[in-house]
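In: Quick one: sequence and predicted model below, then my questions.
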Amino acid sequence: MLGPHSWDPGVSPSGVVWNAAIPIGSVQFDLENEEATLNVKNVLVFDGFTVPNSLNTFHPLGHANAVFNSLKMKWRGTTNKRSVRDCADAFRGDFLENAATIEVTATTPPAPARTCPPTPARNGFRFVSDPANTTVSHFAQIGRERNGIFF
């Protein structure tokens, strides 16, 4: 999701929000060194136009196919460590509060040449973020958790 404009994988029929399959190897994590990275290319998402429209399974404003051409995130710089043990709810985890950086390029496809005027949702829009080193991070977290039968 990029600001008040929503680019995301959508909502599944079962109500699961904003989850997308990514290629194996796209995520690297090393909790010993307290860092993680996500690096994906060409992930299909939807341009939901607004966050409320994105969360509505009926999409009253519609949505268009879009692509995260490149998405790179990095978590590091631990500022706080927290362990949680909740036997009553069968949940435990070790979490590292840190900072994250992000750099992303996303596009919507252009309208076919014969479409006149082009629809706003298919106008070949391209978004390019500022470089990752300009990211302002207020909160980020990585960790490992176990729950349910894996507790």
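Out: Thanks, I have the structure now.
In: after the worst-scoring helix or strand of the chain on mean pLDDT, next one along is what?
Out: Least confident helix or strand, the chain: strand 7-8 with a mean of 71, by mean pLDDT, DSSP states H and E. Next helix or strand after strand 7-8 toward the C-terminus (DSSP states H and E): strand 27-30.
In: just the CA coordinates of that following strand, formatted as CSV?
Out: Output of strand 27-30 as CSV, limited to C-alpha atoms (Å, rounded to 0.1, in the frame of the first residue of the first chain):
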residue,chain,number,x,y,z
VAL,A,27,12.7,-13.1,1.6
GLN,A,28,16.0,-13.4,3.5
PHE,A,29,16.1,-13.2,7.2
ASP,A,30,18.8,-13.7,9.8
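In: So what touches it?
Out: 35, 36, 37, 38, 39, 142 (C-beta atoms under 8 Å, 6 or more residues apart in numbering). Glycine gets a C-beta too; all of them are placed from N, C-alpha and C.
In: at 6 Å what do you get?
Out: Contact with strand 27-30 is made by 36, 37, 38, as judged by C-beta atoms under 6 Å, 6 or more residues apart in numbering.
In: Tell me, how many residues neighbour the second one?
Out: If you count neighbours by other C-beta atoms under 10 Å, residue 37 ends up with 16.
In: before we move on, what about the first one?
Out: By other C-beta under 10 Å, 20 other residues sit near residue 36.
In: what are the ranges of the strands in the chain?
Out: Per DSSP state E, the chain carries strands over the ranges 7-8, 27-30, 35-47, 64-86, 91-107, 126-128, 140-147.
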